[in-house]
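Colleague: Fold the stuff below for me.
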Amino acid sequence: MNILHLSSSPRGPTAESYRLSRRIVDLLVARQPDAVLVDRSIGEGGIAHVDGNYATSQHDAAAEPGQEGAVARSEALIRELEDSDVLVIGTPMHNLAVPSALKAWIDHVVRAGRTFNVTSAGKVGLLSDRPVFIAVSSGGVFSGERARQPDFLTPYLKVVLSTIGLKDLNFFSIEGTGYGPEALKEARAAAERALVDHFSARDSGERYDWATALARRQA
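Modeller: Got it, this is the predicted structure:
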């Protein structure tokens, strides 16, 4: 099993989203000890925004853009994603949505003619589906009865990732990190319980058959 771990917080390993996503990676590796892990940290601007050459290629289907710059970077990131059997994303919520670092990655991998096609029926994803685990951290609370802020991150990721064919999305969150140490401790415990319940269900076959899924992707 190949795991692609994408971390997008500028705080690096000290970020709650990073810690939660690494916990997911650990749970995956415990189930597949021979898993190959690729860590890509983009939180500190590791991926530049797309350039004019790339934008032209997306604007005009008849254009013949050069294969350097953002186009070359896009191809490398897409191939890295294609090689993965499981994608794990760690992301903070910035201003109610995804941070710009994660958006830059998305702009490179959601690419017309490469990871999706535009048809008369709408956009059709070209990537094979695979499990995607998304670990979200937020200073405020955006879900449940205690929600006090909107959530534009979750619906956006659901739509944009499904555009390229990734629909097996599994969200976990640590919310209210700005409410003090006790609140953070409670949020971490809740996230851990959610992870244990989720992976226990997958292991039992109630929600997911790992062996069948990997065999299907590797066929």
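Colleague: In the chain, mark out all the strands, start to finish.
Modeller: 2-7, 36-41, 86-92, 116-119, 122-125, 132-138, 169-175 (DSSP state E).
Colleague: which neighbours does the last one have in its sheet, and in what orientation?
Modeller: Sheet pairing of strand 169-175 (DSSP bridges) gives strand 132-138 (parallel).
Colleague: Show me what the partner strand is in contact with.
Modeller: Residues from elsewhere that reach strand 132-138, judged by Cβ atoms under 8 Å, 6 or more residues apart in numbering: 9, 15-17, 20-21, 23-24, 28, 86-93, 149, 153-154, 157, 161, 166, 168-177. For every residue, glycine as well, the C-beta is placed using N, CA and C.
Colleague: What of stretch 21-38?
Modeller: The contact list for stretch 21-38 (Cβ under 8 Å, 6+ apart) reads 1-5, 7, 13, 80, 83-84, 86, 88-90, 133, 135, 172, 191-192, 195, 199, 203, 210.
Colleague: about what we covered before: for the strands of the chain, could you give me CSV that also reports distance to residue 74 and mean neighbour count?
Modeller: Putting the strands of the chain into CSV (distance: least, Cβ to Cβ, whole Å; neighbours: other Cβ atoms under 10 Å) gives the following:
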stretch, distance to residue 74, mean neighbour count
strand 2-7, 15, 23
strand 36-41, 14, 14
strand 86-92, 17, 25
strand 116-119, 13, 12
strand 122-125, 16, 14
strand 132-138, 19, 25
strand 169-175, 22, 21
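Colleague: Mind putting those into JSON lines with distance to residue 99?
Modeller: Shown next, in JSON lines, are these (distance: least, Cβ to Cβ, whole Å):
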{"stretch": "strand 2-7", "distance to residue 99": "11"}
{"stretch": "strand 36-41", "distance to residue 99": "13"}
{"stretch": "strand 86-92", "distance to residue 99": "6"}
{"stretch": "strand 116-119", "distance to residue 99": "23"}
{"stretch": "strand 122-125", "distance to residue 99": "24"}
{"stretch": "strand 132-138", "distance to residue 99": "11"}
{"stretch": "strand 169-175", "distance to residue 99": "15"}
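Colleague: and residue 178, how many neighbours?
Modeller: Residue 178: 11 surrounding residues under other Cβ atoms under 10 Å.
Colleague: To clarify, my last question referred to residue 56.
Modeller: Neighbours of residue 56 (other Cβ under 10 Å): 14.
Colleague: swap in residue 73?
Modeller: Neighbour count for residue 73, taken as other Cβ under 10 Å: 17.
Colleague: And residue 67, by the same measure?
Modeller: Using other Cβ under 10 Å, residue 67 has 10 other residues around it.
Colleague: shaky segments in the chain?
Modeller: Along the chain, the parts satisfying pLDDT under 70 run over 60-66, 205-219.
Colleague: Break down it into its helices, ranges please.
Modeller: 16-31, 52-59, 69-82, 100-109, 153-163, 181-203, 210-218 (DSSP state H).
Colleague: contacting residues around residue 160?
Modeller: Here residue 160 is in contact with 106, 110 (Cβ under 8 Å, 6+ apart).
Colleague: what pairs with the residue nearest the centre of the chain across the strands?
Modeller: The chain has residue 89 as the residue nearest its centroid, 3.6 Å off, counting by Cα atoms, centre = their mean. Beta bridges link residue 89 to residue 6, residue 134 when assigned by DSSP bridges.
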